[in-house]
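> this is the structure alone, sequence omitted:
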């Protein structure tokens, strides 16, 4: 299905604040609340809207260290990949994981309480994993642009 300008405006508004009511969306987009609500339901049903969630403050939750960790695999087997992916899904500190082209095989985004917790994750969890050959971490000093809405 092709998205029209009103659909794109609705998606942009929801990316900024997904808690808006149908009335608020309608007012913002110059349509009735029922029109906005029906469009929103359709976009959800068609999979354009994958879900809703609250963005929490890592600092308020005591997660003062954010880092990106590059992983190079020891060998590239299906079994190693499955085991490593399973690890990424079971560790709560790992909040994002991507496969990459280039030198590293995976990029992990992690949040830890402190440097000691990050060190424990690297030294006791990632490096000993049989699929892992090399680990390189970069600690975030300052977030200059938070996760932004998708460009529409």
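Cool, the structure landed. Note that the coordinates shown come from a computational prediction; the quantities given were computed from them, not determined experimentally.
> residue contacts, residue 134?
Residues in contact with residue 134 (C-beta atoms under 8 Å, 6 or more residues apart in numbering) are 71, 72. All C-beta atoms are positioned from the backbone trio N, CA, C, and that covers glycine.
> what helix or strand is it on?
Using DSSP states H and E, residue 134 sits in strand 132-139.
> which parts of that strand are buried?
132, 135, 137 (16 or more other C-beta atoms under 10 Å).
> and if you look at stretch 89-103?
Residues of stretch 89-103 classed as buried by neighbour count (16+ other C-beta under 10 Å): 93, 94, 97.
> partner residues bridging the second one?
For residue 94, the residues forming beta bridges with it (DSSP bridges) are residue 110.
> what is the helix or strand harbouring residue 36 packed up against?
Secondary structure from DSSP H and E places residue 36 in helix 33-45. Using 3 or more C-beta pairs under 8 Å, 6 or more residues apart in numbering; DSSP states H and E as the contact criterion, the elements in contact with helix 33-45 are helix 5-16, helix 22-29.
> export the ones you listed to TSV and append columns for distance to residue 67, mean neighbour count and mean pLDDT.
Shown next, in TSV, are those (distance: least, C-beta to C-beta, whole Å; neighbours: other C-beta atoms under 10 Å; pLDDT from 0 to 100):
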stretch	distance to residue 67	mean neighbour count	mean pLDDT
helix 5-16	26	16	96
helix 22-29	37	17	96
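> CSV for those, including distance to residue 126?
As requested, the helices and strands packed on helix 33-45 are exported to CSV (distance: least, C-beta to C-beta, whole Å):
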stretch, distance to residue 126
helix 5-16, 33
helix 22-29, 43
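> and residue 145, which of those helices is closest to it?
Of all the helices and strands packed on helix 33-45, it is helix 5-16 that lies closest to residue 145, at 14.7 Å by C-beta to C-beta.
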